[in-house]
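Visitor: quick one: sequence and predicted model below, then my questions.
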Amino acid sequence: MIRGLYTAATGMNVQTKKLDVISNDLANVATTAYKKDTTIIASFPQVLASRIDDMQNHTPNNGTIGNMSLGAKVDEVYTNFIQGSVIKTDNMLDVAIQGEGFFAVQTPGGVLYTRDGNFSVNQEGQVVTKEGYFVLSQEGIPLELGQDFLSNGGTVVIKEAGEVYRGNEFIDTLALIRFEDPKTLTKVNDNLYEAAAPGTPAPGSFIQGFLEASNVNPVTAMVDMITVSRAYEANQKVIQTQDTLLDKTVNELGRA
């Protein structure tokens, strides 16, 4: 009976984690190039139950009862890297990646990766992300339009392969990094990813004047949230039932 309490409690913990993940996805529906997460659930390893020192009709009745599970746990949180829809902005510094790959950005913690191509130019004439991190070129250096771009302005053209032109002047080429297994990427703050192993530079496939939208479907996420809430309530009722049975066992049967 006590095992029932623990099993239901692990179920509640799992549903709480799932609810946190879904809530975070819903909060990022409007975040450029955000990738939704999926909670993978696994059961605890099964254990073998056996009778010990059991007697039946004055005869030892030891033996194997069978396997039993002790509940569930969150095995991993999987990020779905399927591409979101592409939205036209007509901003010459907005860039969407068509297909696989990530922009490389220089942060105080090292090189990280993102699919958010909502770029701007800082006071030094360097192309940066919304957070102010440097966007890197294929050479691994910050992409620069020059300080005179801020005062004189001009037109920036980004070709499909990533070549960046200021007017007719070639500036540099955007880096596009691909990973054999995107599952090795870990989400960090500011819609960035940290790589466990170096990626591979690949030919670019960029669209200027567009941004990639989040791949979260708000309707599906809301349905999932309702399902998780009901599963949590079901586990809660199991605990309440177990508590009632324990109360009867101790306070009624125990006194009989």
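Guide: Looks like it came in fine. Numbers count the residues shown, from 1 in each chain.
Visitor: any stretches of this structure with poor pLDDT?
Guide: 1, 57-58, 254-256 (pLDDT under 70).
Visitor: which helix in this protein has the most residues?
Guide: Under DSSP state H, the helix in the chain containing the largest number of residues is helix 218-251.
Visitor: which secondary structure elements does that helix sit against?
Guide: Using 3 or more C-beta pairs under 8 Å, 6 or more residues apart in numbering; DSSP states H and E, the elements in contact with helix 218-251 are helix 2-27. Using the backbone N, CA and C atoms, a C-beta is placed for each residue, glycine as well.
Visitor: got the CA positions of the helix or strand that comes right after the helix it packs on in PDB?
Guide: Counting by DSSP states H and E, the next helix or strand C-terminal to helix 2-27 is strand 37-43. C-alpha atoms of strand 37-43 as PDB (Å, rounded to 0.1, in the frame of the first residue of the first chain):
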ATOM      1  CA  ASP A  37      10.600  20.700 -26.100                       C
ATOM      2  CA  THR A  38       9.100  17.300 -25.500                       C
ATOM      3  CA  THR A  39       9.300  15.400 -22.200                       C
ATOM      4  CA  ILE A  40      10.300  11.800 -22.500                       C
ATOM      5  CA  ILE A  41       9.000   9.700 -19.600                       C
ATOM      6  CA  ALA A  42      10.500   6.300 -18.500                       C
ATOM      7  CA  SER A  43       9.700   3.900 -15.700                       C
END
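Visitor: which parts of the longest helix of the chain are buried?
Guide: Ala221, Asp224, Met225, Val228, Ala231, Tyr232, Asn235, Val238, Ile239, Gln242 (16 or more other C-beta atoms under 10 Å).
Visitor: switch those over to JSON lines; also include distance to Thr129.
Guide: Below are the buried residues of helix 218-251 laid out as JSON lines (distance: C-beta to C-beta, whole Å):
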{"residue": "Ala221", "distance to Thr129": "26"}
{"residue": "Asp224", "distance to Thr129": "30"}
{"residue": "Met225", "distance to Thr129": "30"}
{"residue": "Val228", "distance to Thr129": "33"}
{"residue": "Ala231", "distance to Thr129": "38"}
{"residue": "Tyr232", "distance to Thr129": "37"}
{"residue": "Asn235", "distance to Thr129": "42"}
{"residue": "Val238", "distance to Thr129": "47"}
{"residue": "Ile239", "distance to Thr129": "46"}
{"residue": "Gln242", "distance to Thr129": "51"}
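Visitor: can you give me phi and psi for Gly140?
Guide: The phi and psi values for Gly140, taken as degrees, to the nearest 10, are phi 80, psi 20.
Visitor: neighbours of it, how many?
Guide: Neighbours of Gly140 under the rule other C-beta atoms under 10 Å: 11.
Visitor: got a list of what it touches?
Guide: Ala104, Val111, Ala175 (C-beta atoms under 8 Å, 6 or more residues apart in numbering).
Visitor: who wins for most neighbours among the residues you listed?
Guide: Ala175 (25 neighbours).
Visitor: mind listing the helices for the stretch 101-250 of the chain?
Guide: Using DSSP state H, counting those that start in this stretch, the helices of the stretch 101-250 of the chain run over 148-152, 218-251.
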